[in-house]
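A.B. asks: sequence isn't available, so here's the structure alone:
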């Protein structure tokens, strides 16, 4: 496959070779119309203002926050340009700060496979927790206890098939577990499901979001996790109703 793509690129370059100067002129024209140094509108969550910004000459975003007001000192949470060093490709799928604003969970892909590695950063110390969780996908949420993290993993066909809770015990020890049946000794739980896609979709009902999972077999029957008691069993929600015309 790689050899075929390289041959295809070589053919394109040979055919389009006489337009190289025009291509460069068009690229520079389009780039000149893009504001490379820019800042997004801040989003206030509790006493923090979260925003992202870009800098000229850098390819990736920088995620930041300020405490109490936008006039406060900037705190850089994650600089994707630094994470991209040494890699030809970088994409971030998930970015979630814990409810107490201390921990940042994020997932990145460095090879274009859309299979993401999950990391957790202590924002007080600026250091990464030792946990490295591979084979994750889109869908990442914190429980209200600031100790529990929910995420999805992929099956052999690269489909999201399991919802996991990652429980932090005490300070820095985390226990990974798939969600369903709890074991008291390890704060872990497990589930065996058919290979149906599972997705996390937040629904703001209480002070923090509740999380629902659904499968293609019965997409009208949501399942709910209570974020204030994040290690309890998954509960079935009320079926979705069709509106009558």
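C.D. replies: Cool, got the structure. Since the structure is predicted, the reported quantities are computational estimates derived from the model, not experimental observations.
A.B. asks: any idea which helix or strand comes after the one helix or strand residue 63 maps to?
C.D. replies: Using DSSP states H and E, residue 63 falls within strand 62-67. Per DSSP H and E, the first helix or strand lying C-terminal to strand 62-67 is strand 75-79.
A.B. asks: tilt between that following strand and strand 62-67?
C.D. replies: Strand 75-79 runs at 160 degrees relative to strand 62-67, counting by axes from the mean of the first three to the mean of the last three CA atoms, to 10 degrees.
A.B. asks: one step back: buried residues in the strand holding residue 63?
C.D. replies: Buried residues in strand 62-67, counted by 16 or more other CB atoms under 10 Å: 62-66. Placement of C-beta: from N, CA and C, glycine included.
A.B. asks: report the two of those separated the most.
C.D. replies: Maximum pairwise distance in these, criterion CB to CB, is 13.2 Å, between 62 and 66.
A.B. asks: what is in contact with these two at once?
C.D. replies: Contact with both residue 62 and residue 66 is made by no residue, according to CB atoms under 8 Å, 6 or more residues apart in numbering.
A.B. asks: where along the chain do the helices fall?
C.D. replies: Ranges of helices in the chain, per DSSP state H, are 2-15, 20-32, 80-83.
A.B. asks: quick one: the first one to helix 20-32, angle?
C.D. replies: So that's helix 2-15. 100 degrees.
A.B. asks: contacts only, for residue 55.
C.D. replies: Here residue 55 is in contact with 36-37, 62, 81 (CB under 8 Å, 6+ apart).
A.B. asks: I meant residue 11, not that one.
C.D. replies: With CB under 8 Å, 6+ apart, residue 11 has no contacts at all.
A.B. asks: how close does it sit to residue 4?
C.D. replies: 11 Å (CB to CB, to the nearest Å).
A.B. asks: equivalent analysis for residue 28, please.
C.D. replies: In terms of CB to CB, residue 28 sits 31 Å off from residue 4.
A.B. asks: again with residue 90
C.D. replies: For residue 90, the distance to residue 4 - CB to CB - is 25 Å.
A.B. asks: the more surrounded of the two?
C.D. replies: residue 90 (18 against 8; other CB atoms under 10 Å).
A.B. asks: nearest residue to the more buried one other than its sequence neighbours?
C.D. replies: The shortest distance from residue 90 to any residue other than its chain neighbours is 4.0 Å, reached at residue 84 (CB to CB, 6 or more residues apart in numbering).
A.B. asks: repeat that for residue 113.
C.D. replies: Using CB to CB, 6+ apart and skipping residues adjacent in sequence, the residue nearest residue 113 is residue 158, 7.9 Å away.
A.B. asks: show the contacting residues for that neighbour.
C.D. replies: For residue 158, the contacting residues are 113-115, by CB under 8 Å, 6+ apart.
A.B. asks: could I get these as CSV with distance to residue 152?
C.D. replies: Shown next, in CSV, are those (distance: CB to CB, whole Å):
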residue, distance to residue 152
113, 15
114, 12
115, 11
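A.B. asks: put the buried members of those into a PyMOL selection.
C.D. replies: Buried residues within those, by 16+ other CB under 10 Å, are selected in PyMOL with:
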select buried, resi 115
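A.B. asks: nearest to residue 70, of the contacts of residue 158?
C.D. replies: Relative to residue 70, the closest of the contacts of residue 158 is residue 114; by CB to CB it sits at 34.6 Å.
A.B. asks: report pLDDT for that closest one.
C.D. replies: Residue 114 is assigned 92 on the pLDDT scale.
A.B. asks: what does the one 3 residues further on give?
C.D. replies: Among the per-residue scores, residue 117 shows a pLDDT of 95.
A.B. asks: and the closest residue to residue 66 other than its chain neighbours, how close does it get to residue 12?
C.D. replies: With CB to CB, 6+ apart as the criterion, residue 66 has its nearest non-adjacent residue at 4.4 Å, and that residue is residue 72. The gap separating residue 72 from residue 12 is 50 Å, by CB to CB.
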